[in-house]
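Chemist: sharing a sequence plus its predicted fold:
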Amino acid sequence: MSIVKEFREFIARGNVIDLAVGVIIGAAFNGIVKSLVDQVIMPPIGLLMGGLDFSKLEWVLKPEDLATTTVEKVAIQYGAFINTLIQFLIVAVVVFLLVKVVNKIRRADEPAPAGPTPEETLLTEIRDLLAKA
């Protein structure tokens, strides 16, 4: 079997295509969530906290040297981390809810367990009669 044919069969499998679609939709969803956090959720929270812009919050470890352009500021940008953390939490909750819905649909599609066969019923009756004797 040639490599090209094997690759074509690999790509044609449903799981690979489903995964590719999921990655593309996930990337688009990430952009929406980032916009939601940066432009909708954080501005009102910043306003309630006295006009604070979370994306600009940082701990400066070493300030930049204004006399020379070679020494740049070294800072821990915890405000950007807070924004990213909120984005992650939103995505995690949405994925959790999506998995929960999919699992519920799968459970609803499962057939009910079949009842005992006539042979099993007969064997159960024989067992019960022997237990009484």
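Modeler: Arrived safely, thanks for sending.
Chemist: okay, helices next: where are they in this protein?
Modeler: 3-12, 14-35, 42-48, 78-109, 118-132 (DSSP state H).
Chemist: just send those back as CSV, with mean neighbour count, mean pLDDT and distance to residue 66 too.
Modeler: In short, each C-beta sits where N, CA and C put it, glycine included. Listed next are those as CSV, based on neighbours: other Cβ atoms under 10 Å; pLDDT from 0 to 100; distance: least, Cβ to Cβ, whole Å:
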stretch, mean neighbour count, mean pLDDT, distance to residue 66
helix 3-12, 9, 81, 56
helix 14-35, 11, 85, 33
helix 42-48, 13, 90, 28
helix 78-109, 12, 88, 23
helix 118-132, 9, 91, 87
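Chemist: with distance to residue 61 added, can I get those helices in a markdown table?
Modeler: Listed next are the helices of the chain as a markdown table, based on distance: least, Cβ to Cβ, whole Å:
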| stretch | distance to residue 61 |
| --- | --- |
| helix 3-12 | 48 |
| helix 14-35 | 27 |
| helix 42-48 | 24 |
| helix 78-109 | 12 |
| helix 118-132 | 73 |
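Chemist: the residue nearest to the spatial centre of the chain and residue 25, how far apart?
Modeler: Most central in the chain under Cα atoms, centre = their mean is residue 95, positioned 4.1 Å from the mean C-alpha point. Residue 95 sits 12 Å away from residue 25, going by Cβ to Cβ, to the nearest Å.
Chemist: equivalent analysis for residue 52, please.
Modeler: From residue 52 over to residue 25 the distance is 33 Å, taken as Cβ to Cβ.
Chemist: what of residue 75?
Modeler: 35 Å.
Chemist: what of residue 59?
Modeler: 36 Å.
Chemist: check residue 98 too.
Modeler: Using Cβ to Cβ, one gets 11 Å for the distance from residue 98 to residue 25.
Chemist: same deal with residue 15?
Modeler: 16 Å.
Chemist: with residue 6 instead?
Modeler: 27 Å.
Chemist: what sits against the closest residue to residue 56 other than its chain neighbours?
Modeler: Spatial nearest neighbour of residue 56, excluding adjacent residues (Cβ to Cβ, 6 or more residues apart in numbering): residue 79 at 5.8 Å. Residue 79 makes contacts with 53-58, as judged by Cβ atoms under 8 Å, 6 or more residues apart in numbering.
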